[in-house]
Structures are given as C-alpha cells and as structure tokens.
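> Turn this into a structure:
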Amino acid sequence: MSIPTIADGGVSRWLTDIYEKEGSATPQRLVFSRYDVAELDALFTPGIFVDACFSLDTYDYQQSAGIRLVAKKLIIHSN
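Sure thing, here's the model as predicted:
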C-alpha cells in the first residue's frame, strides 16, 4: 500500500484523505500540516481496524513496471 504525498510550496503533505472514527460517530477528517511519518505511524497501532478505499496505479520506473496499490481514503476506527 502506498500513501502518496505532494510538495506544496516547499512543504510536503499527504494526498490520502485520512479520517478517524470513534464508535458510531461520524468519521472526522484528520488534518496534517506537514508530511510527518511519526504522526501517521502513531495512528496505526496494533489491533485497530482500518477501512480503506484503494486505486490501482500503474508505474514504469527505470525499466521496472508494475501496479501499485494506492490508498485514496483511510478511516481509522479508534474504538
């Protein structure tokens, strides 16, 4: 799975929409001010459930071609 990033005015940020859902509440979109792997890593703790919407993206890089699974939307269930 790939979580893509984009450079925006010298600052990198996630392109994937990431939401957090507690119980039966409506998922709340998480806003990240910058690309921070430690901040993202803290959300994915052992035992949590994640709903994901993926796309298949093709790539051809330095004579290596394939299909990459790219996360477009993640919903992290905190409880």
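
> Low-confidence ranges, this protein, go.
79 (pLDDT under 70).

> Can you list the residue ranges for strands in it?
5-8, 11-14, 17-21, 28-29, 49-61, 64-77 (DSSP state E).

> Show me what the fifth one is packed up against.
With contacts taken as 3 or more CB pairs under 8 Å, 6 or more residues apart in numbering; DSSP states H and E, strand 49-61 sits against strand 64-77. From N, CA and C alone the C-beta is placed, and that goes for glycine too.

> so how far is the strand it packs on from its chain's centroid?
8 Å (CA atoms, centre = their mean, to the nearest Å).

> With stretch 3-16 instead?
How far stretch 3-16 lies from its chain's middle: 11 Å, per CA atoms, centre = their mean.

> List the contacts of residue 65.
58-59 (CB atoms under 8 Å, 6 or more residues apart in numbering).

> Identify the residue spatially nearest to residue 11, adjacent ones excluded.
residue 34 (5.4 Å; CB to CB, 6 or more residues apart in numbering).
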